[in-house]
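> Quick one, structure for this:
(chains A, B, C and D)
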Protein chains: 4
Amino acid sequence: MAFPKKKLQGLVAATITPMTENGEINFPVIGQYVDYLVKEQGVKNIFVNGTTGEGLSLSISERRQVAEEWVRQGKNKLDQVVIHVGALNLKESQELAQHAAEIGADGIAVIAPFFFKSQNKDALISFLREVAAAAPALPFYYYHIPSLTGVKIRAEELLDGIQDKIPSFQGLKFSDTDLLDFGQCVDQNHQRQFALLFGVDEQLLSALVLGATGAVGSTYNYLGKKTNQMLEAFEQKDLASALSYQFRIQRFINYVIKLGFGVSQTKAIMTLVSGIPMGPPRLPLQKATQEFTANAEAKLKSLNFLSFPGLKDGNMEACS
Amino acid sequence: MAFPKKKLQGLVAATITPMTENGEINFPVIGQYVDYLVKEQGVKNIFVNGTTGEGLSLSISERRQVAEEWVRQGKNKLDQVVIHVGALNLKESQELAQHAAEIGADGIAVIAPFFFKSQNKDALISFLREVAAAAPALPFYYYHIPSLTGVKIRAEELLDGIQDKIPSFQGLKFSDTDLLDFGQCVDQNHQRQFALLFGVDEQLLSALVLGATGAVGSTYNYLGKKTNQMLEAFEQKDLASALSYQFRIQRFINYVIKLGFGVSQTKAIMTLVSGIPMGPPRLPLQKATQEFTANAEAKLKSLNFLSFPGLKDGNMEACS
Amino acid sequence: MAFPKKKLQGLVAATITPMTENGEINFPVIGQYVDYLVKEQGVKNIFVNGTTGEGLSLSISERRQVAEEWVRQGKNKLDQVVIHVGALNLKESQELAQHAAEIGADGIAVIAPFFFKSQNKDALISFLREVAAAAPALPFYYYHIPSLTGVKIRAEELLDGIQDKIPSFQGLKFSDTDLLDFGQCVDQNHQRQFALLFGVDEQLLSALVLGATGAVGSTYNYLGKKTNQMLEAFEQKDLASALSYQFRIQRFINYVIKLGFGVSQTKAIMTLVSGIPMGPPRLPLQKATQEFTANAEAKLKSLNFLSFPGLKDGNMEACS
Amino acid sequence: MAFPKKKLQGLVAATITPMTENGEINFPVIGQYVDYLVKEQGVKNIFVNGTTGEGLSLSISERRQVAEEWVRQGKNKLDQVVIHVGALNLKESQELAQHAAEIGADGIAVIAPFFFKSQNKDALISFLREVAAAAPALPFYYYHIPSLTGVKIRAEELLDGIQDKIPSFQGLKFSDTDLLDFGQCVDQNHQRQFALLFGVDEQLLSALVLGATGAVGSTYNYLGKKTNQMLEAFEQKDLASALSYQFRIQRFINYVIKLGFGVSQTKAIMTLVSGIPMGPPRLPLQKATQEFTANAEAKLKSLNFLSFPGLKDGNMEACS
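Down below sits the predicted model:
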């Protein structure tokens, strides 16, 4: 069988790309970041160079280097490293896919093109197939995010018979609130051949009840442990506890959304919670304001989301 | 206490307004319709003159007559009859609210205005309060449907302290897929003082797990029994069965959405399933095509949603 | 011939509905308002109960009274009084159309329904035809405003052969920036049988060059004189002067749009410029802030749009 | 003075990137294409690697090669060659800007980023400034296309004081129908220091009357001559003739828009009209259907837009 690999499941952190104050990639902290995810958050899968990682703000050369570093640092520590190789142009996407295979990544993910847009399911599959073909032995994940790409193609339609067209297809990241579409993906996936990863962190419980096999998101960088507790409660059919965890997570996300929540703010929050400096984002994004950071910190404290067991004098390495 | 009434809970059918072939209201079948909901679908609450009931396509005089007939026919059969009294102009909304009180309805519901739109929470509450004040003793429900009204005001913000401003406020119909907002409504409703009714039928299970106290929708007219089975399975923590019911319901809704699904099509489906003639919609809506009806019927049959136990020669009364 | 009436042309003021401080209609000032439009602004056509007139915030009974008063006060002073009779439900729209005929209005206008929406050209025409049929002898204008109604039906397609379906059709109010669509309406109207009235005041010059036969808008209440000067310059092919007028008008509109510009603000500006009290809007709209009014006044002064020749002590009647 | 260069004015063709049947760039026909634009269409300015040129579907390396070829072939034939260097990531945009300077292009143009989006005017200018700084001696044009980028920042606000921040700023391509915004750009450009190029081909006359100094568009590849006739008529204040040209152009564009009109279709039309093979588009775009091409050809013929004076046996070189 072509894909004997164990299924991608559970929480997948959409990694931040750490940067220095002058906007260059801060490679040295990635090792520390891996340890933090595994030891403090209990998260062993990552999704690199996606939206959270500012993948599309990096040059192709930088995207290659970032991918390499995560694969290198994750060796023997992480379960799976999936590289997002989506780009506006097919050639670069193919180059990144091939590179991901060469460096030993565990999978690739691709967003639908969103400048020129696929007008229908067949056009989209044609595009995705060309990318997948550049790395035919790597598990392929489709990153479904209609609010961004404007693609109205339903995921459940795409799934139907997709392995005939893309043999390496292994699942999708579903970043949308259309739970009819998501439910019908699960419904047809009765052999559980695909990973159906939900991508709207603050609504995860609602997707779990529909049969989500995992989740990809930015908040699992710093709320992974809490979210894992929710997953465990759900697994044990303790719905009351699961809901209690979900509500606490929602309170935080709801709060920061009202303040204005994007990748810049995620970097600030992760710096706060992990102690690892994530740095500023790259233009066109602008650094989160000090006011945001102060408010987010107060909220994290009030929700008891800022505890560093064993943490001494703010030195993160003391944790690991 | 002002509202000793028992909480509105469980399934609430958004009733269709039956019409004759020439587009006038078909009052005589409403009694039969009540019996059908209660006996065949196990649905004992209704929401009258909403979107499904073409409330905004009826004149004020017709809305009054329709409300009266449902209250009259529902007496001693239905638990609660809620009348939607929303209108583009405040005066007519107030007139309908007062009328609902006079005829002994169990509650009123109001949509946010959507020609001129409330620019913020305070403006919206000012409007709703004026309507509620016309029927101060009737439970008041806010019909939250941002996709239609363009109102970006979050339901969870509206809920905060609302009884200080609208003492008769008793809950909301939440017709949106933003389950962060819905979850945060439930989160703050810890004393369960409000009815938090979910309004996206095909995603109900995802809202149940977040603590929805009931649901309002058009499909409960003809899939009420199946949905009640899902509610019961969920209540008993039999998540696998609940999910199985949800998926079967989704298969139907997913199918008709692709064919084009609105009030016209709901009328055709209800006629098929119940045997009670719902008639055509009123302009600007146009009658569902025969092709739609034939396809919907085939799908209903294939899903086993068209069984009439004890039904003889298509005579609906034989059922009751 | 059925419609020997002279064509509706030039500027048409979309009238405000004056209200008292407690939100009731201030009928007594309508006579004064007519005189002001004719004498101070040089505007002799009006469009009553449209968006600017809060037509959809008035009850049917109020809409009838407002229409009657404008017809009565406009007699022998105004050229044409067109009544907007659009409503969400056909029956009330028909009632208003018939009423407009009875009181001697010069035409009716109808917006496409926007709760339930016409799905295609034929469905829209079916709806409009039913309204027109209630007043077959009155010139009928279609109010095309796709941003509001969501109707993607192109005006130029609607125009094609429309008099076969709606014999009383006499033109349209085109409230959109799609000047390809507008241009193609003019292109096919080579016999100039229809009034093609542009409805985006701040872009009027761009529609004039395409052959607009007139314009309907709220700003002609208080900038009618300036706009008439632009029309005259354009008529005389003095494009430089026409552009100079257009830019001065744009400066004002651009400025107030940034402050937040809607019917509430139009009422405040008209009160400032005309001296006639327009009063507050009705809920869900809220009164313009004092800050808006102060800023608008300063801008009007700086653009020299606030001169009252012969005006003494703010008494408007002294002007006329 | 830093920019003694003559102003970019008149028609600017947004060039197609010709491709071979297997999707590689067809460099050899670019020379022929230049001759065609100059001799047959009277168009002497080009905008390379924009939307029409599928710039964002090309790799950085291809974008460099395409730019080079147009500059080389345009030497002594074209007036100005402007290179679009916009990209999702700043580094590649800067690389392309620097390259444009090195090869002797006449200007660069940049779109606002549209994956991560600039939240306000200052953020957008910060981004644009970084690109401009990579080629400080090249005239810089901002490509304003809010429908694509979602940037609600008004062009007229951006223009205000922009040369203090971006000294090489020389104008904008305004691809939107908001003629209030465009008009206010012209209004403040009273010293005519900037090129204000309109980008909605089918509405050009409406922008000319507001003072557009030129136009950038895809249709000038094949309707340049007709559009130049419109410009001349307008220049001579022969508005009737100008309008007649505009309407004929609109009839064609209106027709193809209804068939589905994008870059794929532009390639097919240009192949038809010029006789130069433009080839298929690259994925995610798909080739125009034969049905489209046949319909477009019939329409071109009926409008007399397909005449090849002096053209023998379809050999384009015979024309030049």
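> hey, let's count contacts and neighbours off CA atoms from now on
Noted.
> residues of the lowest-mean-pLDDT helix or strand in chain A that come out buried?
The helix or strand of chain A with the poorest confidence is helix A:146-149; it has a mean of 87 (mean pLDDT, DSSP states H and E). Buried residues in helix A:146-149, counting neighbours by 16 or more other Cα atoms under 10 Å in any protein chain shown, are found at A:146, A:149.
> Which helix or strand lies directly C-terminal to that helix?
helix A:155-159 (DSSP states H and E).
> Could you tell me how many residues sit around A:Gln9?
A total of 19 residues lie near A:Gln9 under the criterion other Cα atoms under 10 Å in any protein chain shown.
> what's the answer for A:Gly275, then?
Other residues close to A:Gly275 by other Cα under 10 Å number 18.
> Assign a three-state SS to the nearest residue to A:Phe198 once chain neighbours are set aside, would you?
Using Cα to Cα, 6 or more residues apart in numbering or on different chains and skipping the chain neighbours, the partner closest in space to A:Phe198 is A:Ala215 (4.5 Å). In the three-state summary, A:Ala215 is assigned as strand, counting by DSSP: H, G, I helix; E, B strand; the rest coil.
> my guess is A:Ala215 meets A:Gln203, correct?
No - the pair A:Ala215 / A:Gln203 is not scored as a contact, 10.5 Å apart, by Cα atoms under 8 Å.
> The nearest residue to A:Ile145 once chain neighbours are set aside - how many residues pack around it?
Nearest non-adjacent residue to A:Ile145, counting by Cα to Cα, 6+ apart: A:Ser175, 4.9 Å away. By the other Cα under 10 Å criterion, the neighbourhood of A:Ser175 contains 21 residues.
> quick one, what contacts A:Ser175?
Residues counted as contacts of A:Ser175 (Cα atoms under 8 Å, 6 or more residues apart in numbering or on different chains) are A:143-146, A:198-200.
> which two from these end up farthest apart in space?
Distance extremes for those: the farthest pair is A:Pro146 and A:Phe198 at 13.6 Å, using Cα to Cα.
> sorry, back to before: and the contacts of A:Ser175, which is closest to D:Gly42?
Closest to D:Gly42 out of these is A:Pro146 (42.5 Å), distances taken as Cα to Cα.
> From what I see, that closest one and A:Asp176 are in contact.
Yes - in this structure A:Pro146 lies within contact range of A:Asp176 using Cα under 8 Å: 6.9 Å.
> shared neighbours of the two, anything?
Taking Cα under 8 Å, 6+ apart as the contact criterion, A:Pro146 and A:Asp176 have no common neighbours.
> Ignoring the adjacent residues along the chain, who's closest to A:Ile16?
Closest residue in space to A:Ile16, ignoring its immediate chain neighbours: A:Gly53 at 4.2 Å, by Cα to Cα, 6+ apart.
> quick one, what contacts the one you found?
By Cα under 8 Å, 6+ apart, the residues touching A:Gly53 are A:14-17.
> Quick check: pLDDT value at it.
With respect to pLDDT, A:Gly53 scores 98.
> same deal with A:Phe169?
Here the pLDDT value assigned to A:Phe169 is 97.
> try A:Gly310
Among the per-residue scores, A:Gly310 holds a pLDDT of 38.
> got it, and A:Leu306?
As predicted, A:Leu306 sits at a pLDDT of 86.
> Mean confidence (pLDDT) on stretch A:172-192, please.
Within the predicted structure, the mean pLDDT of stretch A:172-192 is 96.
> Any idea how far that stretch is from the middle of the chain?
Computed by Cα atoms, centre = their mean, to the nearest Å, the separation of stretch A:172-192 from the middle of its chain amounts to 17 Å.
> Residues contacting the least confident helix or strand of chain A, please?
Counting by Cα under 8 Å, 6+ apart, the neighbours of helix A:146-149 from elsewhere in the structure are A:112-115, A:117, A:152, A:175-176.
> check which helix or strand covers A:Leu231.
With DSSP H and E as the test, A:Leu231 turns up in helix A:220-235.
> go on, A:Tyr143?
When secondary structure is defined by DSSP H and E, A:Tyr143 falls within strand A:140-144.
> do A:Glu95 as well
A:Glu95 is located in helix A:90-103, with elements delineated by DSSP H and E.
> hmm, that helix touching chain D?
Yes - for helix A:90-103 and chain D, the contact criterion (Cα under 8 Å from any Cα of the partner chain) is met by A:90-92.
> still on that earlier bit, pairing partners for the strand holding A:Tyr143, with directions?
For strand A:140-144, the pairing partners within the sheet under DSSP bridges are strand A:107-111 (parallel), strand A:169-174 (parallel).
> Chain A against chain D: which residues are in contact?
When proximity is defined as Cα under 8 Å from any Cα, chain A approaches chain D at A:56-59, A:88-92, A:113, A:115-118, A:123-124, A:126-127, A:283-286.
> before we move on, the earlier item: let me know the closest of the residues of helix A:90-103 next to chain D to chain B.
Proximity to chain B was ranked across those by Cα to the nearest Cα; first place goes to A:Leu90, at 30.6 Å.
> I'd guessed A:Phe174 sits against A:Gln203; true?
No - judged on Cα under 8 Å, A:Phe174 makes no contact with A:Gln203 at a distance of 11.9 Å.
> how many other residues sit next to A:Phe261?
If you count neighbours by other Cα under 10 Å, A:Phe261 ends up with 15.
> How confident was the prediction at it?
pLDDT, A:Phe261: 96.
> what do you get for A:Leu128?
At A:Leu128, the predicted lDDT confidence score is 97.
> do the same with A:Pro284
What the model reports for A:Pro284 is a pLDDT of 93.
> What count of nearby residues applies to it?
With other Cα under 10 Å as criterion, A:Pro284 counts 24.
> In a strand, it, correct?
No - membership of A:Pro284 in a strand is not supported by three-state DSSP, which gives coil.
> Phi first, then psi, for it.
Phi and psi for A:Pro284, reported as degrees, to the nearest 10, are phi -80, psi 0.
> what's the answer for A:Pro167, then?
Reported as degrees, to the nearest 10, the phi and psi values for A:Pro167 are phi -60, psi -30.
> In three-state terms, how would the nearest residue to it once chain neighbours are set aside be classified?
In space, and not counting its chain neighbours, A:Pro167 is closest to A:Pro136: 7.8 Å by Cα to Cα, 6+ apart. Here A:Pro136 is recorded as coil under three-state DSSP.
> Tell me if I'm right that A:Ile162 and A:Phe169 touch.
Yes - with contact defined as Cα under 8 Å, A:Ile162 reaches A:Phe169; the gap is 7.2 Å.
> So for these two, which sits in the more crowded spot?
For A:Ile162 versus A:Phe169, the count of surrounding residues by other Cα under 10 Å is larger for A:Phe169: 27 against 16.
> And the strands in chain A, which stretches?
A:10-14, A:45-48, A:80-84, A:107-111, A:140-144, A:169-174, A:195-198, A:214-217 (DSSP state E).
> So for B:Leu259, which of those strands sits nearest?
Evaluated over the strands of chain A, closeness to B:Leu259 peaks at strand A:140-144, with 22.8 Å, by Cα to Cα.
> interface residues of the stretch 101-250 of chain A facing chain B?
Those residues of the stretch 101-250 of chain A that sit near chain B, judged by Cα under 8 Å from any Cα, are A:177-181, A:183-184, A:187, A:202-203, A:205-207, A:209-210, A:237, A:239, A:243, A:247, A:250.
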